[in-house]
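>>> Sequence and predicted structure, then a few things I'm wondering about:
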Amino acid sequence: MNRQDDSDPLDQEIDFSQARCGPVITPESDMTRITISLDTAVVDWLRAQVKENGGSYQTLINGALKIHIQQQQSRNDLEQTLRPWS
């Protein structure tokens, strides 16, 4: 291997004066990072689904929660339509 510069790049001084703290990859603007605890069986099932179908188990959880919310909202809307006096 013939290199003109045999200096190790790790020996060079690095300027961190413009560095910022935080994640290397910023989450999407409409996403919020949280930490939750789930039953191991639930996480195992989700990971198995992802292994078979691809994707991310976190995205699968997000999608399942969105569907649940939509169903609850639809149910509430139907109840308000059928029983407006409630």
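Received the coordinates, thanks. No experiment lies behind these values; they were computed from the predicted model shown.
>>> separation between the residue most central in space within the chain and residue 31?
Central residue of the chain (CA atoms, centre = their mean): residue 58, 5.4 Å from the mean position. Going from residue 58 to residue 31 by CB to CB, to the nearest Å gives 10 Å. Placement of C-beta: from N, CA and C, glycine included.
>>> try residue 50
18 Å.
>>> How about residue 15?
32 Å.
>>> now swap in residue 14 and tell me
31 Å.
>>> residue boundaries of the strands in this structure?
For the chain, no strands are identified by DSSP state E.
>>> pLDDT below threshold where in the protein?
Applying pLDDT under 70 to the chain picks out residues 1-6, 23-28, 86.
>>> So which residues of it form helices?
If DSSP state H is used as the criterion, the helices of the chain fall at 40-53, 57-82.
>>> Kindly reformat these as a markdown table containing distance to residue 10.
Compiled in a markdown table, the helices of the chain are given as follows (distance: least, CB to CB, whole Å):
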| stretch | distance to residue 10 |
| --- | --- |
| helix 40-53 | 37 |
| helix 57-82 | 35 |
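>>> Relative to residue 22, which of those helices is closest?
Ranking the helices of the chain by their distance to residue 22 (criterion: CB to CB) puts helix 57-82 first, at 19.2 Å.
>>> between the closest one and helix 40-53, how many degrees?
Helix 57-82 runs at 110 degrees relative to helix 40-53, counting by axes from the mean of the first three to the mean of the last three CA atoms, to 10 degrees.
>>> in helix 57-82, what counts as buried?
57, 60 (16 or more other CB atoms under 10 Å).
>>> Return the distance of residue 52 relative to residue 11.
Residue 52 is 48 Å from residue 11, by CB to CB.
>>> Looking at the helices of the chain, which is nearest to residue 19?
helix 57-82 (27.8 Å).
>>> Residue 43: neighbouring residues, count only.
13 (other CB atoms under 10 Å).
>>> ok, it touching residue 57?
Yes - look at residue 43 against residue 57 with CB atoms under 8 Å: they come within range, at 7.0 Å.
>>> what's the neighbour count on residue 46?
Residue 46: 19 surrounding residues under other CB under 10 Å.
>>> Spatially, and excluding backbone neighbours, which residue is closest to it.
residue 57 (4.1 Å; CB to CB, 6 or more residues apart in numbering).
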